[in-house]
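**Q** Using only what follows, build the 3D model:
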Amino acid sequence: MDVGASRVLWELSFFILSFWKVNFNEMEYLRSMGSVTGPFAKENLVCQYSANMVNSKGVFLGDDPFEFSLPMVLAQGVLALILSRTIYYFLKPLRQGTLSAHIIAGIIMGPSILGKHRAYVKRLFPPGATLVIETLANSGVMFHLFLQGLQMDPMIIRRAGKNAFLIGVLGFILPYGLGALAFSIIDNLQILDNKLQVSIHFMVALNSMTSFVVVTSLLNDLKILNSELGRLATQTSMVTDFCCWFVATTMNTVGIATQNSGRMSLWSVIWLFLYFFSIVFVLRPLVIWISKQTPGEHMDEVLFFVIIVMMNVCALCSEVLGQHALLGPLVLGMALPDGPPIGTILLQKFETMVTSLLLPMFFALSGSKMILSLLGRGMFPLSAEFIIILGYVGKFTGTLVPAIFSGVPLGDSLCLALIMCCKGIIDVATYSLWKDSKILGYQSYTLLMINMLIVTGVCRPMVCYLYDPANSYMSYSRRISMCPMHDDSEFRILVCIHNEDNVPAIISLLEASHATKRSPISIISLCLMELIGSSSSVLESYNPKKKLTSGASTMGPIINAFNKYEHHNHGRVTVQHFTAIAPYSSMHTDICAIAQEMRTNIIIVPFHKRLAFGGTEEGAISTSIKTVNSNVIVKAPCSVGILLDTGLIGRHRSFVAGHSLYHIALLFLGGADDREALSYSRRMAEHPKIKLTVVWFRPWGEEQAYTKENEEYLDKKLMNEFKADAEGKFDYREKIVKDGEETTQVIRSMEERFDLFIAGRQHDESQVTLGLTEWHENAELGLIGDLLTGSDFHFSVLVVQQQPFGFGMQDLSLNLQHTNDEGRDSMGGTHDFWDYEDGAKDRKLES
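**A** Take a look at the predicted model:
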């Protein structure tokens, strides 16, 4: 939370507390305790009143700090946070979330373990001492649900397909039906009192819940939010969540109404409708209007103050109307527009404080209410456990069967069913609410929490193990490559763009790729944006007739630049635009999915550093973009090129219009990546404005150069073919070197004469690279690429990698001698394993 936000909340809270203190400063401290009979067991009743119960004068003046609320809250909060982080440290390798750690910390703090010691309870958790921290923790839940609602896009339910509707509805109905069936069986076998019957009814309803907030948080933690499974799970959970909230709100309203007259029943429904209407059609337009008065993407204190007041007013109105206070902030958050600027800024102001401080306290307090010793008393725990288990079975079956029926692969259907069985903050908040409302007893509450911990703790690692989005585009035994290439083939390039600064260099590289009518270039432009302020990832194709997705409006100039390039190269270049809005941690999934679908030959990604002339860093280093590039390098379904631009390659809109030649140097050391780079350079050599120089670094003592004879054979074969086809179009040189130091000296002598250097990424250990690994800083660039960027250079660098091996794939270039007799995956080769239609595809996948 920033300074301005903190100051507004502090001044408001301090004024209210000061007013109270003035009115009650003459009161004396009183406390009395006693036991009373509750609906399920005996409970403590505490009566206390004090002139100053907040601040202690200190132990030197005779005060016990633990008799005052502020020191007590601080001690309780510190204990909860330390225990939670310690437990999470041990659970993290087991793929467990922070929720499990917080609840287990609460169990340790509660009566099941530490609470058995009277000294501990008397000092830290005396009767009535948790009121303040519970209020603080519940306010944190209120803020969290407001932020979660702010990130939700309710329109997802309109875009959900029939498969998501079928899975979502059955995933809600079947667990409810099985739970009701189990209850009827138990009710006939044993006599249950009214309180237990009410508890079981609510337990059946709870087991049918699957919250959109919980599912999207889980998908984000597992880094599969923008995968195909993630999008289906998001849409399915939205349908199920809508069913749950509709049924719960209706039952709550009807329950309030039935306790009064028919006239009061009608008024309760009318006021609830007016309440929702006011949020959507009064508060939402007001916030949007105020935000438009603030230029740029900044939020002033006035708008922030208005939104905070609205959130508290909505929570208050929910309580007045008989709903829970969490409903109002959630609905208000859903009503406000997600994404920038409102969603992004509010998330930045609140997220760290809420998720790191207030929520752990809430979960720990929820866990501290569990009493494990009660599970062995009577037959009710066995009956309740039977109902809970049937509910989870119904949820799993109700998701798995319709998913398979809808054509979802069995593995993905299984993972989807496991995801829908997971529980989270909404479930814990509901359990705690109904526990405090005496709807659930200690036994029912403890059973629900224990089952939630076990099921969620098992499902999370199983999904991690069973589902990997990379399997869909790395499981092919045949690969898309540029080596070998044909002069009459279409060259498909996927270019990844993070901002407008990437555009000039990429367009210049595309111009150097030499598009002709005989061998045109198909460009797939993928604009990448980080998902902030929204829980809905987006992968959509550009449609000029439709408005750009919220948050993607800044991509307009980028799209116009590529359209202009296509217009100037009509008949030789085609451009298709896509936009991906996703977390950086899983953004590579969208990149690889588009590359697979469009069967691209190479993916061009910008280097994470922006360098100026002379190799000096210009601007901030984006470690997030570095993560994206590293993931693409490992999991790409085709070749990858990392473009590092100093501004030289892209300083002119078009070097074709100039009169001087554009000098490119290919540094060839041998290996699959260098052969791929050679194939790309071969295409560039055909351009009349490009002068290509190929430098082959040969080790001293040829017989020691390679560990595999076929590698040496492939290098020589491809180089001989290249020299024969491009004779007179490039300069060829061979350099005999003894170690990496001599290699470095040769490269240094070339720096002033070239505009662009091209090199392969990976090289086997040999004399040519001996000693270079000691100064290796940027692993994604390889040895030669890192060497080039480490100098005071005045040129740009393109590092090329052939598709990474994995999942049983073999180096395609090892079978060059068979390429004339069979179809293969090359630039313009036969793609017999693709079901693809040429032309732009109107593709929109959103969650």
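**Q** quick one, helices of the stretch 401-550 of the chain?
**A** Counting by DSSP state H, counting those that start in this stretch, the stretch 401-550 of the chain has helices at residues 410-420, 425-436, 442-466, 471-474, 503-512.
**Q** Who are the packing partners of the third one?
**A** Put plainly, it is helix 442-466. Based on contacts counted as 3 or more C-beta pairs under 8 Å, 6 or more residues apart in numbering; DSSP states H and E, the elements that helix 442-466 packs against are helix 98-109, helix 194-207, helix 380-405, helix 410-420, helix 425-436. C-beta coordinates here come from the backbone N, C-alpha and C atoms, glycine included.
**Q** try 6 Å
**A** Where contact means 3 or more C-beta pairs under 6 Å, 6 or more residues apart in numbering; DSSP states H and E, helix 442-466 is packed against helix 380-405, helix 410-420, helix 425-436.
**Q** Out of those, which is closest to residue 100?
**A** Of all those, helix 425-436 sits nearest to residue 100, with 10.9 Å by C-beta to C-beta.
**Q** The closest one to helix 194-207, inter-axis angle?
**A** Note on geometry: by axes from the mean of the first three to the mean of the last three C-alpha atoms, to 10 degrees, helix 425-436 and helix 194-207 are set 170 degrees apart in direction.
**Q** Looking at helix 425-436 now, give me its mean pLDDT.
**A** pLDDT averaged over helix 425-436 equals 87, rounded to a whole number.
**Q** That one relative to helix 98-109, how many degrees between them?
**A** The directions of helix 425-436 and helix 98-109 differ by 30 degrees, with the same axes, to 10 degrees as the criterion.
**Q** where in the stretch 351-500 of the chain is pLDDT low?
**A** For the stretch 351-500 of the chain, residues meeting the criterion pLDDT under 70 lie at 473-488.
**Q** sorry, back to before: now distance to residue 235 and mean neighbour count too, for the helices of the stretch 401-550 of the chain, in CSV please.
**A** Formatted as CSV, the helices of the stretch 401-550 of the chain follow (distance: least, C-beta to C-beta, whole Å; neighbours: other C-beta atoms under 10 Å):
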stretch, distance to residue 235, mean neighbour count
helix 410-420, 11, 22
helix 425-436, 18, 21
helix 442-466, 17, 19
helix 471-474, 19, 18
helix 503-512, 33, 22
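**Q** Which of those helices sits closest to residue 53?
**A** The closest approach between residue 53 and any of those, judged by C-beta to C-beta, belongs to helix 425-436 at 22.0 Å.
**Q** I'd like the distance between the closest residue to residue 435 other than its chain neighbours and residue 148.
**A** Beyond its immediate neighbours in the sequence, the residue positioned closest to residue 435 (C-beta to C-beta, 6 or more residues apart in numbering) is residue 445, lying 4.4 Å away. From residue 445 over to residue 148 the distance is 23 Å, taken as C-beta to C-beta, to the nearest Å.
**Q** what's the angle from the helix or strand containing residue 694 to helix 503-512?
**A** Secondary structure from DSSP states H and E places residue 694 in strand 690-699. Orientation check (the same axes, to 10 degrees): strand 690-699 against helix 503-512 gives 90 degrees.
**Q** Which residues does strand 690-699 contact?
**A** Contacts of strand 690-699 with the rest of the structure, by C-beta atoms under 6 Å, 6 or more residues apart in numbering, involve 512, 661-669, 681, 684-685, 705, 730-737, 743, 766-768.
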